[in-house]
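S.K.: I need the structure of the sequence given here:
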Amino acid sequence: MKKDVITLEKITYKNYVKVLFGLNVNRKQKEFVASNMCSLAEAYVALTNGYPPYPFAICRNGKPVGFLMIGCGASEEEREEGDPDFIFDNYCIWRLMIDKRYQGRGYGRKAMELALEFIRTWPSGKKKYCWLSYEPENETAKKLYASFGFVEQPQYFKDKPGEEMPAILEL
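M.R.: Just a heads-up that it's a prediction; the model follows:
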């Protein structure tokens, strides 16, 4: 039996349609993650504003099974009172989703390993932290991220109802 090979592949003209229209989470998870179309639109906005996005297809033996996007930095113009400093000039796991047909097979865990390996190549320069955020009700995400050493930052969450829980990892 052939072993699955999980890779991160750059979004290209050859795979973007599959990523945009062929990958979906289940109905209960839609409240936890933005659509891949929205994510790629946000990547474009970040890029045109000087903040490099790194969108990837998560592939199993060359076939897209998920989507991952890494970012670096945030615009000072976007800063709101109470925003933590770690969201500025640090890496961020901006999106992670595995298609509903491929969940529960360890692909999300492998994608996180690959994402952190990529970040540690310092594509946007050396930074102190990688951060991410997730809906507090998303226990699966919370456990996955904690297993990689991400530490919740509830002091930035408690006064903002409806916001996601931020967590950081020192690189």
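S.K.: Tell me where the longest strand sits in this protein.
M.R.: strand 63-72 (DSSP state E).
S.K.: Ser35: neighbouring residues, count only.
M.R.: For Ser35, the count of nearby residues is 16 (other C-beta atoms under 10 Å). For the C-beta atoms, the positions are set from N, CA and C on the backbone; glycine is no exception.
S.K.: any idea how far it lies from Ser133?
M.R.: Separation of Ser35 from Ser133 (C-beta to C-beta, to the nearest Å): 17 Å.
S.K.: which is the next helix or strand following the longest strand of the chain?
M.R.: Reading on from strand 63-72 to the C-terminus, the next helix or strand found by DSSP states H and E is strand 91-98.
S.K.: In the sheet, which strands lie alongside that following strand, parallel or antiparallel?
M.R.: Here strand 91-98 is paired, per DSSP bridges, with strand 63-72 (antiparallel), strand 129-134 (parallel).
S.K.: now the helices for this structure?
M.R.: Ranges of helices in the chain, per DSSP state H, are 16-21, 36-48, 107-119, 139-147.
S.K.: Show me the contact partners of the shortest one.
M.R.: When you say that, I think you mean helix 16-21. Ile11, Asn36, Met37, Leu40, Ala57, Pro64, Phe67 (C-beta atoms under 8 Å, 6 or more residues apart in numbering).
S.K.: Alright, I will stop here.
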